[in-house]
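S.K.: What follows is a predicted protein model with its sequence.
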Amino acid sequence: MIKAIIFDFDGVIGDTYQNNFELFKPFIQNISEQDFKDNHNGNIFEGKKITLTPEQWEKYFANQKKLFTKTNLFPLKRVLARLSKNFQLFIISSTPDASIKYFLKYGALNRFFEKIFGATTCTSKFKKFQMIFEQYGLGPEECLFVTDTLGDILEAKKVKMRTIAVAWGYHEKELLARGNPLAIVCSGKELLESIKKYSG
């Protein structure tokens, strides 16, 4: 029985793809859009084509915060409100914790989430999954992870947690399918339907 839904932030709740791609350009000369997408096939902090120093990451995230506006939130407020009535909700992300909280305030979404596990907490999503399990007494079979990248799906597999992929984020359906998620959804309505289907 599913007790918790864990969300990625960028590309799932936050519409940040174009902003983030543009922000990498000053740091990575001649970065291609494909390289940017490929960097999300695994942990972005361990990318081979996109590597930044700690100082560059700090500047990158500061600039990300400046660019973010209310229009950078996908319309998921009703979805999150409904889910929060029946499940514990968490965010695991590669964006710093404080930035995510700042972004969520734009849409008054903070109240729906039990806790945020961002890059400030740890850069490994594998470890952050384990933190949720340990701190909240949950097993991987009691959680679903909602994400938009193949890399995240593969991270979830390492802890034997099932995923639902959204097709409105960083990776297209064909790439997401390579990770064999439970479902690939294209709308908030489909997301609710899939969670209902697999949460019993």
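M.R.: Done, it's in.
S.K.: Going by C-alpha atoms from here, please, whenever you check contacts or count neighbours.
M.R.: OK.
S.K.: Please save the CA atoms from the lowest-mean-pLDDT helix or strand in the chain in CSV.
M.R.: Each helix and strand of the chain was given a mean pLDDT (mean pLDDT, DSSP states H and E); the minimum falls on helix 33-38 at a mean of 84. Output of helix 33-38 as CSV, limited to C-alpha atoms (Å, rounded to 0.1, in the frame of the first residue of the first chain):
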residue,chain,number,x,y,z
GLU,A,33,20.7,21.1,-26.0
GLN,A,34,21.3,17.4,-26.4
ASP,A,35,24.3,17.5,-24.0
PHE,A,36,22.1,19.3,-21.5
LYS,A,37,19.4,16.6,-21.8
ASP,A,38,22.0,13.8,-21.6
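S.K.: Run the chain-centre distance for that helix.
M.R.: With Cα atoms, centre = their mean, to the nearest Å as the basis, helix 33-38 stands 17 Å off its chain's centre.
S.K.: from now on call the first residue 696
M.R.: Sure, I'll start counting at 696 from here, so that last one is helix 728-733.
S.K.: which residues touch that helix?
M.R.: 716, 744, 745, 865, 866 (Cα atoms under 8 Å, 6 or more residues apart in numbering).
S.K.: Next one: residue 879 from residue 793, what distance?
M.R.: In this view, residue 879 and residue 793 are 29 Å apart by Cα to Cα, to the nearest Å.
S.K.: Also residue 841?
M.R.: The gap separating residue 841 from residue 793 is 21 Å, by Cα to Cα.
S.K.: where exactly do the strands run in the chain?
M.R.: Taking DSSP state E as the test, the strands found in the chain are 699-702, 783-787, 810-812, 838-842, 857-861, 878-880.
S.K.: Restrict the contacts of helix 728-733 to the buried ones and give me that as a ChimeraX selection.
M.R.: The following ChimeraX line selects those of those that are buried, judged by 16 or more other Cα atoms under 10 Å:
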select :745,865,866
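S.K.: any idea which helix is longest in the chain?
M.R.: The helix that spans the most residues within the chain, counting by DSSP state H, is helix 749-762.
S.K.: any idea how far it is from the chain center?
M.R.: For helix 749-762, the separation from the chain centroid amounts to 18 Å (computed by Cα atoms, centre = their mean).
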